[in-house]
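Enquirer: Dropping a prediction and its sequence here:
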Amino acid sequence: MLNRILNYAPVTFKGILMGAADIVPGVSGGTMAFITGIYETLIDALRSINMIAIRKLLRFEFRDFWRQINGNFLVSLLAGVVISVLVLANTIVYLLEHHTMLLFSFFFGLILASAVLIARRIHAHSPGAYLAGGAGLVAALLISSLSPVSTPDAWWFIFFSGMIAITAMILPGISGSFILLLLGKYSSIMTAIKEFDIAMIAVFSSGCVVGLLGFSRILSKLLHQYHDQTMLLLAGFMLGSLTKVWPWKAAVLNGMESDKAVLFSTNVLPATFQDVTTRDPQVLSVILLMCAGLALVTAIELAAGRKTTP
């Protein structure tokens, strides 16, 4: 039993990384799944939760049900995500508010290196694959340019927000937290988590489950039937998301909440950043953290040997 738990401890750690990434607006948990080599395993496991699996569960065929959905993997990963959200939420929010530039620098390096590694895994260099990559890049840039809207606080919209946000969370390069910002629900959800608002968390989580199970089927089919095109599409998403984690930003809207002001601002060069904000651009620290992100992805890739976790 202990050996089995230890075997899946790395999966739990990867879940912690995914949860931490999803808390940061502009960064996707799907990106971390790609970096750590579990993305396709995750999508296939989610897709396997279907009517056949449910019938097995209703017939009390627990062992077959658990084996079909890769239950050990999913539970280990989910445990890591939950631990991360509950334990790291306050820390990530603090870093986002007080050390945004340095936090984004590290994620910039992570995402850039990940997109390059994904592109390197492509075997068939067809025009269709490159077109898919370009489409992903354009789509991410367009989504990144959107502005937040005023939305209702009704329970049905919280459920809907969970469906949409979780879809983004499993797409590398499209941040679920950023989608929540667009929907005007990021602060509400983060507050609910910090204050343990069970009712709101339950409604939001239910929306996440529905969105996750539905979209994972589509994504799994694409990965199996159009693998290279889908991988380059996802790499394009990731490259397009780099605009959201560019370290030097100047606010273009006044009176915004701190979480929104970070994301809905314009990217500038270090010199312009210093002129506009009168703050030190910390160029050396930014470059070092970008390099640290690049190095971490490279190290994970080498350690994993390009193998997915069971």
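Expert: Ah, there it is. These numbers come from a predicted model, not from an experiment.

Enquirer: any chance you could map the helices in the stretch 151-300 of the chain?
Expert: Along the stretch 151-300 of the chain, counting by DSSP state H, counting those that start in this stretch, helices occupy 155-169, 176-182, 186-194, 198-225, 227-240, 258-263, 270-277, 283-304.

Enquirer: which stretch in those helices is the model least sure about?
Expert: Comparing mean pLDDT over the helices of the stretch 151-300 of the chain, the weakest stretch is helix 258-263, at a mean of 48.

Enquirer: on that earlier part again, to Leu141, which of the helices of the stretch 151-300 of the chain lies closest?
Expert: Evaluated over the helices of the stretch 151-300 of the chain, closeness to Leu141 peaks at helix 227-240, with 4.6 Å, by Cβ to Cβ. No exception for glycine: its C-beta is placed from N, CA and C like everyone else's.

Enquirer: what's the closest one packed up against?
Expert: Contacts defined by 3 or more Cβ pairs under 8 Å, 6 or more residues apart in numbering; DSSP states H and E place helix 227-240 against helix 29-35, helix 100-120, helix 127-144, helix 198-225.

Enquirer: mind checking how far that helix is from the chain centre?
Expert: 14 Å (Cα atoms, centre = their mean, to the nearest Å).

Enquirer: Report the angle between that helix and helix 100-120.
Expert: 160 degrees (axes from the mean of the first three to the mean of the last three Cα atoms, to 10 degrees).

Enquirer: Pull the residues that contact helix 227-240.
Expert: 28, 30-31, 34, 111-112, 114-115, 118-119, 121-124, 126, 128-130, 132-141, 143-144, 171-174, 219, 222-223 (Cβ atoms under 8 Å, 6 or more residues apart in numbering).

Enquirer: And those, which of them are buried?
Expert: Neighbour counting by 16 or more other Cβ atoms under 10 Å classes 28, 30-31, 34, 111-112, 114-115, 118-119, 122, 129-130, 132-133, 136-137, 139-141, 143-144, 171-174, 219, 222-223 among these as buried.

Enquirer: doesn't Leu182 make contact with Leu146?
Expert: Yes - using Cβ atoms under 8 Å, Leu146 is in contact with Leu182, at 5.6 Å.
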